[in-house]
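Novice: Show me the folded form of this:
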Amino acid sequence: MSSSTMLDEEARTFEDEIQLVVFKLASEEYAVEIIKVSEIRKMIDITRVPRTPDYYLGVMNLRGSVLPVINLKKRLNLPLSKTTEDSRIIILKVEDIAFGVTVDAVSEVMTISKYDIEPPSSIDTNLERKFISGVAKHNKRLLIMLNIKEIIGLSGNN
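Specialist: Okay, here's the model as predicted:
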């Protein structure tokens, strides 16, 4: 009986955890759920596409697939900076749509409890609230979790 109780607790604990990819934009730390991340790439050439929003960098060729790439800083109205050796493109997939977002650096993958995530109303930020899905607390750090659907304009298509 005690072993089944222990298994129930382990299963419950595992189900209550979430893995995040943590990255930097300017001086802040942000996160997205790892299940939405296909891969992380070094910066590559991006082909500009005319008449697109200013945050839309263009498209990239990823193993024969053409993917749109968004400048995440520009999309979130954050101060722009130069690309460095640490800059990366995170390839995300949401509702069968794959796209890239540029970030200053990817710092880590971490596992946190779902109970350590608070609603976006708990944080005072210059970011538009629609772009924030929550705030994760981890070891005295606050990670701004991004609403990827909103960032690419899918929020109205539930």
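
Novice: residue ranges of the strands in the protein, please?
Specialist: Here the chain has its strands, by DSSP state E, at 17-25, 28-33, 37-42, 56-62, 65-71, 88-94, 97-103, 105-113, 117-118, 132-138, 141-146.

Novice: Now render the ones you listed as CSV, adding distance to R48 and mean pLDDT.
Specialist: Where you see a C-beta, it was placed from the backbone N, CA and C, and this is true even at glycine. As requested, the strands of the chain are exported to CSV (distance: least, CB to CB, whole Å; pLDDT from 0 to 100):
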stretch, distance to R48, mean pLDDT
strand 17-25, 21, 95
strand 28-33, 25, 95
strand 37-42, 18, 96
strand 56-62, 4, 95
strand 65-71, 10, 95
strand 88-94, 15, 96
strand 97-103, 14, 96
strand 105-113, 24, 95
strand 117-118, 37, 90
strand 132-138, 29, 90
strand 141-146, 24, 92
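
Novice: Could you dump those strands into CSV and include distance to L80?
Specialist: Shown next, in CSV, are those (distance: least, CB to CB, whole Å):
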stretch, distance to L80
strand 17-25, 10
strand 28-33, 14
strand 37-42, 19
strand 56-62, 12
strand 65-71, 8
strand 88-94, 16
strand 97-103, 10
strand 105-113, 15
strand 117-118, 29
strand 132-138, 20
strand 141-146, 18
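
Novice: mind giving me TSV with these and columns for distance to K82 and mean neighbour count?
Specialist: Shown next, in TSV, are these (distance: least, CB to CB, whole Å; neighbours: other CB atoms under 10 Å):
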stretch	distance to K82	mean neighbour count
strand 17-25	14	19
strand 28-33	18	20
strand 37-42	15	14
strand 56-62	14	18
strand 65-71	12	18
strand 88-94	14	20
strand 97-103	12	21
strand 105-113	13	14
strand 117-118	32	17
strand 132-138	26	19
strand 141-146	22	19
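
Novice: out of those strands, nearest to L154?
Specialist: strand 88-94 (6.3 Å; CB to CB).

Novice: Show me how far stretch 119-138 is from its chain's centre.
Specialist: On the basis of CA atoms, centre = their mean, to the nearest Å, stretch 119-138 sits 13 Å off its chain's mean C-alpha point.

Novice: circling back to that earlier point, out of the strands of the chain, nearest to L78?
Specialist: For those, proximity to L78 was assessed by CB to CB; strand 17-25 is nearest, at 5.7 Å.
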